[in-house]
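Peer 1: generate coordinates for the sequence data below:
(2 chains)
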Amino acid sequence: MITVTDLTKRYARHTAVDHISFEVHKGQIVGFLGPNGAGKTTTMRMLTCFLPPTSGNATVAGFDVLEQSFEVKKRIGYLPETPPLYPEMRTAEYLQFVGSLKGLAKAELAKRVDYVCERCAILDVKDKLLGKLSKGYRQRVGLAQAIIHNPDVLILDEPTSGLDPKQINETRELIKGLAGDHTIILSTHILPEVEQTCEQVIIINKGKLVATDSVSNLQNRARGAESLLVEVGARNGLMDPLKVQSRLELVSGVSRVNLKNKRDNRSIFEVESRKGLVRGDLARAVVEAGWDLNELRPTAVSLEEIFLQLTGEPAAAPAEEAVAVGVK
Amino acid sequence: MRNVWIICRKELRSYFVSPVAYLLLAMFAVIFGFFFWNILGFFVFRGMESQMRGQMMPMNVNEEVIRPLLSNISVIGLFLIPMITMRLFAEEKRTGTIELLATSPVSDVEVILGKWLSAMVLYASMLLLTAINFLFIFRYGHPDWKPLVIGYLGLLLQAGALLAIGTFISTLTKNQIIAGAATFGVCLLLWILEWVSGYETATWARVMAYMSVITHFESFSKGLLDFKDAIFYVTLIFFGLFLTARSMESLRWRS
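Peer 2: From the prediction side, this is the model:
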């Protein structure tokens, strides 16, 4: 449905998007993931024919975004980061305007407006001024606007940014519900969002494509290197954490042992193993050395870690640091 | 063509939903009403004066009332036109709705024409208000109606040119105030350029005077349809809209 090859956008001083290539198949829902300023919006703007690419090309539904932009625009629904609403218009009136702008015939228009209002749960604000709507409603009107002409492709730029948790959930459900009829690309910098809503992830950082794969594949890929949390306690008296560390490193399959937290009689280690199934050996090693094995559990592999691994940024774990401080 | 109408209708709705249109209409009506009252008062006074002197000077309503009034409208228009055009694109750029227009299957030209047309319609409805005043002249006097029609045509053409320039300036900024102020500056400049002809007859002065929008209104206010002047305005309209289209295009390449 969407094919992007070597797409590049260069500005005077920097390159916003650098030779990105990917493909999205019909009916897929794809998460476009990257930190702020990674080039997500720029890529989306090129796909929607808002910005012309510097080089490379992109096709949507078989039409080139530069040469056949009219055909592309007819088949695309776009929700920019801030929903493009006219504050002085009323919801239904606005949707009618957008619908006719997208080329809907008059007879169809009223039906489509009713349909998208119901679909996006905005029936109760149909006659309200857009300028007076809450953020959640504005976002949903924005979505309604994007699907009014039943486009093949939906491009949503950070559809849940600035919403409260309840609204975020509602919006995600709504997007998931739309997936069957439309091919969807949504951008976000929130990882759980991709895990929850998308089948496929495209990760970009600093304008470059970092990875593109299905969500489950990416999770598996990271699971190849398992990371375990091991808490070892002293049977009696004091215990030298360095000794424990060197003992743990001897266990076959362990690639790295990190001392995370130590107190008089117990230490917490983070153990990275190259392959799975080292837990038994680890437990045995600890117990045979005469220590207590207080805890042994795999740390959950989230997209967060994969993402940090892939983008090569240092993994900051603020939550755990907070806990450590709290214990002291 | 359908898209032009869709855009135009939306713009008109924006004008008339907000106080902008009403404010402009009211201001224009009041100021024009004042001019009308003054000029008519002066006309009546002169009429009585000449009667008292016992000399019957021929007095012409067209020459002495309608013509100065038309010139006055064109000057008031100069001040109000920036207020009509300033929001056209600046507002869309500020709120981001320009992205909606740019990613919809409508061409830039259709968007520009739609917006310019809506500005024209608003200006025309302002002119319509002045027609009420003129109706009184027709009720109590016997002016020739043809020069008036030509005068209105001239006003529309002149406003069209300035509105096109204002539309262009509105694409240059996100800030309505800046767009309005710049448009006002340009309108004023295009108006006073003519002054150089008062003391200078060199070629540069003649060119400058020729560029003035007021110079070309002379014939229209007299009730003469001079094609040279009409073509000047039409050219200016095209030029302004052309610049707008260029600016819209460059917006995409830059942003």
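
Peer 1: please list all residues in contact with whichever residue of the stretch 51-200 of chain B sits closest to chain A.
Peer 2: Residue nearest to chain A within the stretch 51-200 of chain B (Cβ to the nearest Cβ): B:Leu100, separated by 3.7 Å. The C-beta positions use only the backbone N, C-alpha and C, and glycine is treated the same way. Contacts for B:Leu100 (Cβ atoms under 8 Å, 6 or more residues apart in numbering or on different chains) come out as A:Tyr78, A:Pro80, A:Pro84, A:Val98, A:Leu101, A:Gln145.

Peer 1: ok, and the most crowded of these?
Peer 2: Among these, A:Val98 has the most neighbours (other Cβ atoms under 10 Å in any protein chain shown), with 30 neighbours.

Peer 1: so how far is B:Leu148 from B:Asn133?
Peer 2: Distance, B:Asn133 to B:Leu148, using Cβ to Cβ, to the nearest Å: 11 Å.

Peer 1: what's the closest of the contacts of B:Leu100 to A:Val232?
Peer 2: A:Pro80 (52.6 Å; Cβ to Cβ).

Peer 1: residues contacting the nearest residue to that closest one once chain neighbours are set aside?
Peer 2: Excluding the flanking residues, the one nearest A:Pro80 by Cβ to Cβ, 6 or more residues apart in numbering or on different chains is B:Glu99, at 4.7 Å. The neighbours of B:Glu99, taking Cβ under 8 Å, 6+ apart as the test, are A:Arg45, A:Phe50, A:Tyr78, A:Pro80, A:Pro84.

Peer 1: would you check that B:Asn72 makes contact with B:Phe35?
Peer 2: Yes. Because the distance of 4.6 Å satisfies Cβ atoms under 8 Å, B:Asn72 is recorded as touching B:Phe35.

Peer 1: which neighbours do those two share?
Peer 2: Counting by Cβ under 8 Å, 6+ apart, nothing touches both B:Asn72 and B:Phe35.

Peer 1: three-state assignment of A:Ser161?
Peer 2: Secondary structure, DSSP: H, G, I helix; E, B strand; the rest coil: A:Ser161 is coil.

Peer 1: who are the contact partners of it?
Peer 2: The contact partners of A:Ser161, taken as Cβ under 8 Å, 6+ apart, are A:Glu81, A:Thr188.

Peer 1: all helices of the stretch 201-328 of chain A, in order?
Peer 2: For the stretch 201-328 of chain A, the helices defined by DSSP state H, counting those that start in this stretch occupy A:215-223, A:241-250, A:279-288, A:303-311, A:318-327.

Peer 1: let me redo that: chain B
Peer 2: Ranges of helices within chain B are B:2-17, B:19-52, B:61, B:67-85, B:87-95, B:98-102, B:108-140, B:145-170, B:176-192, B:203-211, B:217-222, B:227-254, based on DSSP state H.

Peer 1: out of those, the one nearest A:Asn236 is which?
Peer 2: helix B:98-102 (69.4 Å).

Peer 1: could I get the CA-only coordinates of whichever strand or helix holds A:Ile185 as PDB?
Peer 2: Secondary-structure assignment from DSSP states H and E places A:Ile185 in strand A:183-188. Presented in PDB, the C-alpha positions along strand A:183-188 are these (Å, rounded to 0.1, in the frame of the first residue of the first chain):
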ATOM      1  CA  THR A 183      -4.000   0.900   6.300                       C
ATOM      2  CA  ILE A 184      -2.700   3.000   9.200                       C
ATOM      3  CA  ILE A 185       0.600   4.600  10.000                       C
ATOM      4  CA  LEU A 186       0.700   6.300  13.300                       C
ATOM      5  CA  SER A 187       3.700   8.000  14.900                       C
ATOM      6  CA  THR A 188       4.500   8.100  18.500                       C
END
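
Peer 1: now that strand: mean pLDDT?
Peer 2: Strand A:183-188 shows an average pLDDT of 90 in the prediction.

Peer 1: near chain A, which residues of the stretch 51-200 of chain B?
Peer 2: The stretch 51-200 of chain B comes close to chain A at residues B:95-107, as judged by Cβ under 8 Å from any Cβ of the partner chain.

Peer 1: could you list every residue that touches the one residue in the stretch 151-255 of chain B that gets nearest to chain A?
Peer 2: For the stretch 151-255 of chain B and chain A, the shortest gap (Cβ to the nearest Cβ) falls at B:Arg252, measuring 6.0 Å. By Cβ under 8 Å, 6+ apart, the contact set of B:Arg252 is A:Phe50, A:Leu51, A:Pro52, B:Ala102.

Peer 1: over to the second one. Which of the three states is it?
Peer 2: Here A:Leu51 takes the coil state, with states given by three-state DSSP.
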